[in-house]
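**Student:** Here is my input; please provide its structure:
(2 chains)
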Amino acid sequence: MTASNKKAFREGFRDGIPIGLGYLAVAFSLGITARASGLNWLQAFIASATSYASAGEYAGFTVIGSGGSYIEMALMILVANCRYMLMSAALSQRLAADMPYYHRFLMATHVTDELFGINIARPGKIVPAYDYAAFLASGPAWAVGTAVGVIAGNVLPDRIVSALSVALFGMFIAIIVPPAKKNRVIAALVLVSFALSFACGKVPYVRDLSSGIRIIILTVVIASAAAILFPVKDEEKEGESGA
Amino acid sequence: MHNIYVYILIMGGVSYLIRMLPLTLIKKEITNRFIKSFLYYVPYVTLAVMTFPAIIEATKSPLSGAIALAAGIILSFIGANLIQVAGACCAVVFICELIIR
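**Tutor:** Okay, the predicted model is just below:
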């Protein structure tokens, strides 16, 4: 390892620790959902270690809980994790052109909101050593936190479980509100999404669809309509430039 | 009957492909305006759809979930970070449910 790689590794580890602490809390909340969907701690641990996604895993657990088909699961993960496709596409623009493929395959295991954010916030090309160190400092907390959530969810009083179960939604809110504040189209989309999601839980026939299918249909319909009505100008295509 | 491990395998496999394909295949920028716009809006729409009404169904009392949603929106609006918002939502539900019973 070169001296500059060592320095990047140290910095990555340092920046990864606070992310890991946050992951513990949110993963714990995800573990409560996993338990409610019928997963044991080991299954939840494996799911978190392999998927490494908050919204995606939450969506996946709801499919498991409702006994959905494998196709529904694949579509659900595709939609719920679509933002990682965007983030990876953005990262691809910041990789050195001669970066070996094994780095690309390895980095792809852990593109998350937070790790993407700190990588893209650094000037210049992406340094794999920095990314790997940040992942080592934070990733294990995600998987362990989920497993602990399943176990503790069995032990803790209902009142505490009820309170902790909203941590994940708090995180979703914290992801969508800041861009909605800056962009009126996104703000309107969030409100429309809330309203239609609520309505689809009430309307006859539609309410009988599994929640996973409803999420997929609503996302594709609303985002397509928005893309036709309000096509994005080039300068706002990546909202994370200030992250 | 569905096997939980097959579900987990699909979750992990699709999650990985979604991240890996752009990192390995994209050499140029995407130029189609509809696809670009669609991909830009999807994350916000899907997170919003997953948050509501699920947040009021996750708590013991729907009212406490609704208050947590409002608190989360206000806190994020004034600049609280992800962890602060998540923690505050939990605290709000806990306190509300102590009062509501």
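
**Student:** Please enumerate the strands of chain B.
**Tutor:** Per DSSP state E, chain B carries no strands over any range.

**Student:** Look at B:P43 and report its pLDDT.
**Tutor:** Predicted confidence (pLDDT) for B:P43: 82.

**Student:** what about the residue lying closest to it once chain neighbours are set aside, how many neighbours?
**Tutor:** Nearest residue to B:P43, sequence neighbours excluded (CB to CB, 6 or more residues apart in numbering or on different chains): A:R83, at 3.4 Å. Using the backbone N, CA and C atoms, a C-beta is placed for each residue, glycine as well. The number of residues packed near A:R83 is 25, by other CB atoms under 10 Å in any protein chain shown.

**Student:** isn't A:R83 right next to B:V42, touching?
**Tutor:** Yes - taking CB atoms under 8 Å as the definition, A:R83 is a contact partner of B:V42 at 6.9 Å.

**Student:** any idea how far A:V220 is from chain B?
**Tutor:** Going from A:V220 to chain B by CB to the nearest CB, to the nearest Å gives 8 Å.

**Student:** Find the centremost residue of chain B, please.
**Tutor:** By CA atoms, centre = their mean, the mean C-alpha position of chain B lies nearest to B:L47, the distance being 4.2 Å.

**Student:** Let me see the domain layout of chain A.
**Tutor:** According to automatic domain parsing, chain A comprises the domains A:3-165, A:183-235.

**Student:** quick one: average pLDDT of the last one?
**Tutor:** Per-residue confidence for domain A:183-235 averages out to 90 on the pLDDT scale.

**Student:** Tell me how far that domain lies from the chain's centre.
**Tutor:** The chain centroid and the centroid of domain A:183-235 are separated by 18 Å under CA atoms, centre = their mean, to the nearest Å.

**Student:** Stretch A:50-58 now?
**Tutor:** 6 Å.

**Student:** gap between the two ends of that stretch?
**Tutor:** One end of stretch A:50-58 sits 14 Å from the other (CA to CA, to the nearest Å).

**Student:** So is that stretch next to chain B?
**Tutor:** Yes - residues of stretch A:50-58 are located near chain B by CB under 8 Å from any CB of the partner chain, namely A:50-53, A:55-58.

**Student:** residues of the biggest helix by length in chain A that come out buried?
**Tutor:** Longest helix of chain A, by residue count under DSSP state H: helix A:3-36. Judged by neighbour count using 16 or more other CB atoms under 10 Å in any protein chain shown, the buried positions of helix A:3-36 are A:8-9, A:11-13, A:15-16, A:19-20, A:22-36.

**Student:** Since that was my last question, I'll sign off now.
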